[in-house]
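# kindly return the folded structure for what I paste below:
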Amino acid sequence: MPLSVNIERLPNNIAVVTFQGPLTLGTSLKIVDSQIQAAIADGVTRMVLDLAGVNYIDSAGLGLIVYAFGILNDKQGILRICGATSQVRSLIQLTKTDTFLAVDDHREASLAALE
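Next up, the predicted model:
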């Protein structure tokens, strides 16, 4: 299954990015990256990446997440991750990405933390 993404714009410059499929190197990842960057350029300052539909992530996918964090951080924005499967969460912990990026169990928890 190829990677697909839905970006939901919410009030107060918040966006929820919901992924479906593997977050891996390829054309789909480049398209998703450009969509996320466009949302940030369009005023999004707080973003939730919902990874509940991601069954696999590689270094390129993790790089996309870290890059989005960096862009938002430079703009004094916030990025949170939610819904990561145990396999994805293990990679996030193994790479110590969870030391600077907030990881929540559910979308509702991430959105509540942004309010």
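
# tell me where this structure has strands.
In the chain, the strands defined using DSSP state E lie at 4-10, 14-20, 46-53, 78-82, 102-104.

# compute the inter-axis angle for the second one and strand 46-53.
Here strand 14-20 runs at an angle of 20 degrees relative to strand 46-53 (axes from the mean of the first three to the mean of the last three C-alpha atoms, to 10 degrees).

# list the contacts of Ala109.
If you count contacts by C-beta atoms under 8 Å, 6 or more residues apart in numbering, Ala109 has them with Cys82. Where C-beta positions appear, they are placed from N, C-alpha and C, glycine not excepted.

# quick check: closest non-adjacent residue to Val5.
Excluding the flanking residues, the one nearest Val5 by C-beta to C-beta, 6 or more residues apart in numbering is Val32, at 4.8 Å.

# contacts only, for the residue lying closest to Ala52 once chain neighbours are set aside.
On the basis of C-beta to C-beta, 6+ apart, the spatially nearest residue to Ala52 that is not a chain neighbour turns out to be Gly83, at 3.2 Å. Neighbour list for Gly83: Asp50, Leu51, Ala52, Gly53, Asp104, Asp105, His106, Arg107 [criterion: C-beta under 8 Å, 6+ apart].

# give me the neighbour count for Gln76.
Using other C-beta atoms under 10 Å, Gln76 is surrounded by 7 other residues.

# show the pLDDT at the residue minimising distance to the centre of the chain.
With distances taken as C-alpha atoms, centre = their mean, the chain has Leu49 as the residue nearest its mean C-alpha position (3.0 Å). Turning to Leu49, the model gives it a pLDDT of 98.

# surely it meets Leu23?
No - counting by C-beta atoms under 8 Å, Leu49 stays clear of Leu23, with 9.4 Å between them.

# what do these two both touch?
Ile65.

# so how far is Thr24 from Gly63?
Taking C-beta to C-beta, to the nearest Å as the criterion, Gly63 is separated from Thr24 by 11 Å.

# not counting its neighbours along the chain, what's nearest Gly61?
Ranked by C-beta to C-beta, 6+ apart and with sequence neighbours excluded, the top spatial neighbour of Gly61 is Leu23, at 3.1 Å.
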